[in-house]
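1. Provided below for reference: sequence and predicted model.
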Amino acid sequence: MSEKPTHAPLTQFPVVDDQLIVGGLTVGQLADEIGQTPFYAYERDALSRRAHDLRESLPDGISIHYAVKANPMPAVVDHMATLVDGLDVASVGEMRIALDSGVQAADISFAGPGKTDSELRSAVAAGITLNLESEGELARAVRIGEDIGVAPRVAVRVNPDFELKASGMRMSGGPKPFGIDAERVPQLLKRIAGSGAYFRGFQIYSGSQNLSPESLVQAQHATFALAYQLAAAAPSPPEMLNIGGGFGVPYFPGQERLELEQINENLETRLAECHEHLGDVEVILELGRYLVAEAGVFVCEVVDKKVSRGVTYLITNGGLHHHLAASGNFGQLLRKNYPVVTAHRVNNEPRETVSVVGPLCTPLDVLADRMELGQADVGDLVCVLQSGAYGFTASPHLFLGHPAPLQRLV
């Protein structure tokens, strides 16, 4: 019989006397300070370490941008702004948070299909780079720029004809609502040349949540090659080339941490090659989840404990309405457990196999399914790790009318 796969070792938070420590406090102390459960806590030191370690491993000359959609909490964005070279946003709400962080508009880009005229007007007026998703978006941005007397700063988001293989979410290849099909881009570049818009470069984003170095290297190779081809039709030399990111983190049993050595060696080669083809272009690595996911924890409290036909349930005050991704209802085809621990009994005995569920009247409200945890009772705290990205804002807080969780940067 093969061994049951386990979660990758997670060491971003220390464990002292078998208690999880976040921001220098036990989770119990943190709960007392915050004053209620459930809550999300994000650790400054963990965010800083990840950004520092990534920058140390990358070749000189690669810029790092933080994709705000991964975690747009203003305090988190403000902290990330001190660690990265720019921010990427996907709504006018995120754009305002990015501007409030002190990052210059020239270092902020705005992607996403379906930008409204109001959003385009705000971005053009602020001097933010629009990653164009369609020919129609260019026409609207130009019209708005003429109306307010500001030349739109634009880059072309390209939908390439290749995919990022083995990725959790594929954003390119085949028909997509994102970006402009690569074969249509040369014609769009001609329109930009005569439009009065200021051309900045390209964004080529092919996928996310990838744990395969080989797949990432292959996609990066294809991305640079496509950029060289498209640049030949550009109205001016590109100032920036956003090659996306796609770096994943381990969430589920059997997954291993992404090894960066092969990726970074490839980027060093590609960067030298890129400057030969495109000159003094800024090459941007856009990352969200990879920078913040492991720095966050979701904490909820056991309000009841019961046994039903041989299954022990810990019923908590936190559920899918607070953390949709951990429940498996945010893109999982087959539900798998996030790493979950009992806050005051992380590793030690006694242990028991339990299902952790929330308070909602739906069988989908599951945070851990038949998982071995340190024994917990009513009043104890349960922690879901890897919760710093796509947690709070990706969850349906209004579902069934329960109060929303709090958030803290510690």
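-> Nice, thanks for sending it over. Numbers count the residues shown, from 1 in each chain.

2. hey, let's count contacts and neighbours off CA atoms from now on
-> Fine.

3. tell me the domain ranges of this structure?
-> Structural domains assigned to the chain are 15-42+293-409, 111-287, following automatic domain parsing.

4. so how far is the last one from its chain's centroid?
-> For domain 111-287, the gap between its own C-alpha mean and the chain's C-alpha mean amounts to 16 Å (Cα atoms, centre = their mean, to the nearest Å).

5. ends of that domain, how far apart?
-> In domain 111-287, first residue to last residue: 14 Å (Cα to Cα, to the nearest Å).

6. mind naming the longest strand for the chain?
-> strand 296-308 (DSSP state E).

7. give me the buried positions along that strand.
-> Residues G296, V297, F298, V299, C300, E301, V302, V303 are the ones in strand 296-308 that count as buried (16 or more other Cα atoms under 10 Å).

8. next SSE after that strand?
-> strand 311-316 (DSSP states H and E).

9. and the angle for that next one with strand 296-308?
-> 130 degrees (axes from the mean of the first three to the mean of the last three Cα atoms, to 10 degrees).

10. what's near enough to touch the spatially closest residue to M240 that is not a sequence neighbour?
-> Counting by Cα to Cα, 6 or more residues apart in numbering, E282 is the residue found nearest to M240 once chain neighbours are left out, at 4.5 Å. By Cα atoms under 8 Å, 6 or more residues apart in numbering, E282 lies in contact with G61, I62, S63, E239, M240, L241.

11. now the buried members of those residues.
-> Here, 16+ other Cα under 10 Å leaves I62, S63, E239, M240, L241 buried among these.

12. picking that back up, I'd like the buried residues of strand 296-308 laid out as JSON lines, including pLDDT and distance to Q19.
-> Formatted as JSON lines, the buried residues of strand 296-308 follow (pLDDT from 0 to 100; distance: Cα to Cα, whole Å):
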{"residue": "G296", "pLDDT": "98", "distance to Q19": "16"}
{"residue": "V297", "pLDDT": "98", "distance to Q19": "14"}
{"residue": "F298", "pLDDT": "98", "distance to Q19": "15"}
{"residue": "V299", "pLDDT": "98", "distance to Q19": "13"}
{"residue": "C300", "pLDDT": "98", "distance to Q19": "15"}
{"residue": "E301", "pLDDT": "98", "distance to Q19": "15"}
{"residue": "V302", "pLDDT": "98", "distance to Q19": "16"}
{"residue": "V303", "pLDDT": "98", "distance to Q19": "20"}
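
13. from those, which is closest to L409?
-> Nearest to L409, judged by Cα to Cα, of the buried residues of strand 296-308 is G296 at 9.0 Å.

14. for that closest one, give its distance to V22.
-> 9 Å.

15. now D117
-> Relative to V22, and taking Cα to Cα, D117 is found at 42 Å.

16. between these two, which is the more surrounded one?
-> V22 (25 against 14; other Cα atoms under 10 Å).

17. ranges for the strands of the stretch 151-300 of the chain?
-> 153-159, 167-170, 180-181, 198-204, 207-210, 240-242, 282-287, 296-308 (DSSP state E, counting those that start in this stretch).

18. which of these has the lowest mean pLDDT?
-> Mean pLDDT values for the strands of the stretch 151-300 of the chain show the minimum at strand 167-170, a mean of 48.

19. buried ones in stretch 11-19?
-> Buried residues in stretch 11-19 (16+ other Cα under 10 Å): Q12, F13, V15, D18, Q19.

20. tell me which two in the residues you listed are the farthest apart.
-> Distance extremes for these: the farthest pair is Q12 and D18 at 14.8 Å, using Cα to Cα.

21. okay, helices next: where are they in this protein?
-> For the chain, applying DSSP state H gives helices covering 27-34, 44-57, 74-81, 92-100, 117-126, 135-148, 185-193, 213-231, 261-278, 289-292, 324-327.

22. for the last one, give me every contacting residue.
-> Under the criterion Cα under 8 Å, 6+ apart, residues 319-320, 330-331, 335, 337-338, 364-368, 384, 390-391, 394-396 lie in contact with helix 324-327.

23. narrow the residues you listed to those in strands?
-> Taking DSSP E as the definition of strands, those contribute V366, L367, A368, V384.

24. just among those, which is most surrounded?
-> Result: L367 is most packed of the ones in strands among the contacts of helix 324-327 (other Cα under 10 Å), 30 neighbours.

25. ok, that one touching V356?
-> Yes. Under the criterion of Cα atoms under 8 Å, L367 makes contact with V356 at 5.3 Å.

26. separation between the residue nearest to M240 and L398?
-> From E282 to L398 the distance is 42 Å (Cα to Cα).

27. now do the closest residue to H52 other than its chain neighbours against A139, distance only.
-> Spatial nearest neighbour of H52, excluding adjacent residues (Cα to Cα, 6+ apart): L83 at 7.7 Å. As judged by Cα to Cα, L83 and A139 stand 35 Å apart.

28. looking at these two, which one has more neighbours?
-> L83 (19 against 15).

29. quick one on the thing from earlier: possible to save the contacts of E282 as JSON lines with distance to A106?
-> Formatted as JSON lines, the contacts of E282 follow (distance: Cα to Cα, whole Å):
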{"residue": "G61", "distance to A106": "18"}
{"residue": "I62", "distance to A106": "17"}
{"residue": "S63", "distance to A106": "14"}
{"residue": "E239", "distance to A106": "11"}
{"residue": "M240", "distance to A106": "11"}
{"residue": "L241", "distance to A106": "14"}
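
30. with that, I have no additional questions.
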